[in-house]
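Student: Quick one: sequence plus predicted model below, questions after.
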2 protein chains.
Amino acid sequence: MRIAVDAMGGDNAPKEIVLGSLQAAEARKDVTIVLYGDEDAIKAVIEGPTPENVEIVHAPDKILSEDDPVKAVRSKRDSSMVMAARAVRNGEADALISAGNTGALLTSGLLVVGRMKGVERPALMAALPNLKTIGDHVLLIDCGANAESKASYLSQYAVMASAYARAVLKKANPTVGLLNNGTEENKGNDLSKEAHGLLKVNDRINFVGNVEAREILNGAADIVVADGFTGNAVLKSIEGTAGSLMKLIKSSIMNGGVTSKVGGLLLKNTLKDMVNQLDLDQAGGGILFGVKAPVLKAHGSSNATSVYHTILQAETIVDAGVIDELAGAFEAEVALAKAKADAEA
Amino acid sequence: MRIAVDAMGGDNAPKEIVLGSLQAAEARKDVTIVLYGDEDAIKAVIEGPTPENVEIVHAPDKILSEDDPVKAVRSKRDSSMVMAARAVRNGEADALISAGNTGALLTSGLLVVGRMKGVERPALMAALPNLKTIGDHVLLIDCGANAESKASYLSQYAVMASAYARAVLKKANPTVGLLNNGTEENKGNDLSKEAHGLLKVNDRINFVGNVEAREILNGAADIVVADGFTGNAVLKSIEGTAGSLMKLIKSSIMNGGVTSKVGGLLLKNTLKDMVNQLDLDQAGGGILFGVKAPVLKAHGSSNATSVYHTILQAETIVDAGVIDELAGAFEAEVALAKAKADAEA
């Protein structure tokens, strides 16, 4: 297996990206990691001899976080991200990872790696911690690939995330909920009402009805489907609230006098465990589904550890054959629709 | 001033509603609180003689949390909520408070109290704590009154919340942000792009551009405007994440061994202060703006303290003349539009 890594994307690139890749290469001898980026900069991080299962492909250009996504992908053909995406499209690598410009990575997935046949819109999926069951995750899809959505997209998102939950999370019959502003069936806006109707009759998934945003972290469903605008707002609300609270706890302890400081010291390990449980980086990055190969987005602030986890996650997805399963499912749908249309003609 | 309170709405009605009302009556001798509900049940809570500035109006019926909002408001004309709303419409009370069925309260506001002239859609506003500045609040509007929205509604929401921020929060020139999935001007779905254009040229407000959900609690703007579907999802995400985290902290401390328990004990007061800072009940309930009088929604789980705070908040809004100011502003807009149309004809 070969995994293409954009070594120049993210706030801590190339250093943390390369270090995380080296850790993954050490842990997985049968996986070859191909680093795309400035050769000298990458070699400066590696220091000693390059491990056997690490390759470096020199990319003279890179996409910046402030670049316009579509323009950048079209014009910067020699950037580390686009070169890595091209390698995946050409079958030279099995998965693509970047911590760089999210919009550009989605565009690279769609335009360079290529949309899967039968998929209307690829979508971004995030794995959030299920705070009721340690180690379990809730999948939120779409987290922002498509600001404007149709109900039929949401029904396809449910199929994609279900395949992932079965193959990677080993859930035999994962439950799917629709993000909505009430649990009753008639709740919502026009889009969510229509999506509810489609999800209900979708026999590829285990639909359990509407889920309110406040129940996501309580594991109300294994998978929560949303339009990309709302899903993005929900993901950022959760991350923002968790981040603000952790800061508030820290400053409350520091400003709370001696008793409070001693208490904080005694609680240090407990709080650290809690932060780990919440750590979105540990859960790996977001995954773009609906393209011909796994495209993984690591957080912009990724360190070596989160890059390492993202690479292992990519390995698991490739090993589990999620993409082939989805390609088969969506192609079968296309064939079925064509046969129906032919029969009616 | 007279404030109409639905004594039968909410999980802890009538007990906590009546107790909170008594506290408010004690603290504000010049405010008369009119309790609508089952007379015997209310009197059983009061025990001694009814205070001079508390009145009881017997309502033989009540709206249940599982009732269909529109049907219930239309058919249960003798319910505590609808009777209280009718009193406000008839000028017998200056504000309406309920902890009951949110949809029914919004419907009562719209159909019984009545929409303000020139307002397209009333909207629900919540005051969230600004975690960067203790005591400060961020106003989120619409939190769910309208699942389906037009851009012009959002522009009016900004005017409503700005009037509140000036009159009640004493902010001379409150900043308004638009909830969006990126800070750049061209970001968003069709609705948010159109709303951005309208907010930018709205000279009644101080628009500062797009705000991402993760920055709301950091006080990125005094007011954050959103469509009701997304606003509802964001509010519930924030409440859900904060609630889940507090539970996790508690259980982490309890399951963390002796050191952790002692640490938790020492931190008790600090954590309590933090919970208070976060307490959404303390900030008062949501306010329905765009109707002819203040309509305040207290949390369904309201206790006496939160009812007390909601009543004081209603008093402040009435005293500050927010509704008159808004009525003037929207009527002036209607007159201007009419004059323009006449001139063109």
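Tutor: Structure's in. What do you need? Numbering: from 1, shown residues only, chains lettered A, B, ... in the order given.

Student: The worst-scoring helix or strand of chain A on mean pLDDT - contacts with which helices or strands?
Tutor: Each helix and strand of chain A was given a mean pLDDT (mean pLDDT, DSSP states H and E); the minimum falls on helix A:257-278 at a mean of 72. Counting contacts by 3 or more CB pairs under 8 Å, 6 or more residues apart in numbering or on different chains; DSSP states H and E, helix A:257-278 packs against helix A:228-254, helix B:228-254, helix B:257-278. Placement of C-beta: from N, CA and C, glycine included.

Student: For whichever helix or strand comes after that helix, give me every contacting residue.
Tutor: Using DSSP states H and E, the next helix or strand after helix A:257-278 towards the C-terminus is strand A:286-289. With contact meaning CB atoms under 8 Å, 6 or more residues apart in numbering or on different chains, strand A:286-289 is reached by A:105-106, A:109, A:122-126, A:141, A:143, A:145, A:157, A:160-161, A:164, A:294-297, A:313, A:317, A:326.

Student: can you tell me the average pLDDT over stretch A:66-78?
Tutor: The average pLDDT within stretch A:66-78 is 94.

Student: picking up where we left off before, select from the contacts of strand A:286-289 every entry located in strands.
Tutor: A:A123, A:L124, A:M125, A:A126, A:I141, A:V295, A:L296, A:K297 (DSSP state E).

Student: The fifth one and B:V262, how far apart?
Tutor: Separation of A:I141 from B:V262 (CB to CB, to the nearest Å): 43 Å.

Student: neighbour count winner among the two?
Tutor: The residue with more neighbours, out of A:I141 and B:V262, is A:I141; 30 against 15, by other CB atoms under 10 Å in any protein chain shown.

Student: beta partners for that one?
Tutor: Residues in a beta bridge with A:I141, per DSSP bridges, are A:M125, A:V225.

Student: tell me the contacts of it?
Tutor: Counting by CB under 8 Å, 6+ apart, A:I141 has contacts A:123-126, A:157-158, A:160-161, A:223-226, A:231, A:289.

Student: what's the span of stretch A:213-224, first residue to last?
Tutor: With CA to CA, to the nearest Å as the measure, stretch A:213-224 spans 9 Å from end to end.

Student: hmm, that stretch touching chain B?
Tutor: Yes. Among the residues of stretch A:213-224, A:A213, A:R214, A:E215, A:I216, A:L217, A:N218 lie within reach of chain B under CB under 8 Å from any CB of the partner chain.

Student: Go through the contacts of A:I141 and give me the one with the most neighbours.
Tutor: That'd be A:Y157 among the contacts of A:I141, by other CB under 10 Å, with 37 neighbours.

Student: That one: what's it in contact with?
Tutor: Applying CB under 8 Å, 6+ apart, the residues near A:Y157 are A:A123, A:M125, A:I141, A:D142, A:V225, A:F289.

Student: What is the burial count for the fourth one?
Tutor: The tally of other residues near A:D142 (other CB under 10 Å) stands at 33.

Student: Quick one: mean pLDDT over stretch A:89-107.
Tutor: Averaged across stretch A:89-107, pLDDT comes to 95.

Student: Ok, which of the helices and strands packed on helix A:257-278 comes nearest A:S192?
Tutor: Taking CB to CB, helix B:228-254 is the member of the helices and strands packed on helix A:257-278 nearest to A:S192, at 7.3 Å.

Student: what bits of the stretch 201-345 of chain A have low per-residue confidence?
Tutor: Flagging of the stretch 201-345 of chain A using pLDDT under 70 yields the residue ranges A:273-285.

Student: how does it look with 90?
Tutor: A:239-285, A:299-302, A:328-329, A:331-345 (pLDDT under 90).

Student: Enumerate the residues of the stretch 51-200 of chain A near chain B.
Tutor: Contact residues (CB under 8 Å from any CB) of the stretch 51-200 of chain A with chain B: A:L131, A:G144, A:A147, A:E148, A:L179, A:N181, A:K187, A:G188, A:N189, A:D190, A:S192.

Student: returning to what we had before: so which of the contacts of A:Y157 would you say is closest to A:N90?
Tutor: A:F289 (20.8 Å).

Student: Please name the bridge partners of that closest one.
Tutor: Bridge pairing for A:F289 - DSSP bridges - gives A:A123.

Student: what distance separates the start and the end of stretch A:118-126?
Tutor: Span of stretch A:118-126 from end to end, CA to CA: 22 Å.

Student: Please work out the average pLDDT along that stretch.
Tutor: Computed over stretch A:118-126, the average pLDDT equals 94.

Student: Determine how far it lies from the middle of the whole chain.
Tutor: 11 Å (CA atoms, centre = their mean, to the nearest Å).

Student: same deal with stretch A:183-192?
Tutor: 27 Å.

Student: quick one: buried residues of that stretch?
Tutor: A:K187, A:G188, A:N189, A:L191, A:S192 (16 or more other CB atoms under 10 Å in any protein chain shown).

Student: show me the contacts for A:V138.
Tutor: Counted by CB under 8 Å, 6+ apart, A:V138 has contacts A:A127, A:L128, A:P129, A:N130, A:I216, A:L217, A:G219, A:A221, A:D222, A:I223, A:V224.

Student: same thing but 6 Å
Tutor: By CB atoms under 6 Å, 6 or more residues apart in numbering or on different chains, the residues touching A:V138 are A:L128, A:N130, A:I216, A:G219.

Student: can you check A:L179 too?
Tutor: Per CB under 6 Å, 6+ apart, neighbours of A:L179: A:V211, A:V224, A:A226.

Student: Quick check: the two most widely separated of the residues of stretch A:213-224 next to chain B?
Tutor: Between any two of those (CB to CB), the greatest distance is 10.8 Å, for A:A213 and A:N218.

Student: So for the two, which sits in the more crowded spot?
Tutor: A:A213 (30 against 17).

Student: Nearest to the middle of chain A, which residue? Look it up for me.
Tutor: A:G286 (1.3 Å; CA atoms, centre = their mean).

Student: any idea how far A:P69 is from A:I63?
Tutor: 8 Å.

Student: and for these two, which residues touch both?
Tutor: Joint contacts of A:P69 and A:I63 (CB under 6 Å, 6+ apart) are A:A104.

Student: Those two: who's more crowded?
Tutor: In this view A:P69 and A:I63 are compared by other CB under 10 Å, and A:I63 has more residues nearby, 28 against 16.

Student: you'd agree the more buried one is in a helix?
Tutor: No. Under DSSP: H, G, I helix; E, B strand; the rest coil, A:I63 falls outside any helix and is assigned coil.

Student: which residues touch it?
Tutor: Per CB under 6 Å, 6+ apart, neighbours of A:I63: A:A72, A:K76, A:S79, A:M81, A:G100, A:N101, A:A104.

Student: Could you list the buried residues of the least confident helix or strand of chain A?
Tutor: In helix A:257-278, counting by 16+ other CB under 10 Å, buried: A:S260, A:K261, A:G263, A:G264, A:L266, A:L267, A:T270, A:L271, A:M274, A:L278.

Student: quick check: angle from it to helix A:228-254?
Tutor: Counting by axes from the mean of the first three to the mean of the last three CA atoms, to 10 degrees, helix A:257-278 lies at 150 degrees to helix A:228-254.

Student: what's next to helix A:257-278, contact-wise?
Tutor: A:129, A:242, A:253, B:248, B:252, B:256, B:259-260, B:262-263, B:266-267, B:270.

Student: make it 7 Å
Tutor: A:129, A:134, A:242, A:246, A:253, A:282, B:248-249, B:252-253, B:256, B:259-260, B:262-264, B:266-267, B:270 (CB atoms under 7 Å, 6 or more residues apart in numbering or on different chains).

Student: ok, now how distant is the residue of chain A most remote from its centre from A:L22?
Tutor: Distance from the centre of chain A peaks at A:V258, with 42.5 Å (CA atoms, centre = their mean). Separation of A:V258 from A:L22 (CB to CB): 44 Å.
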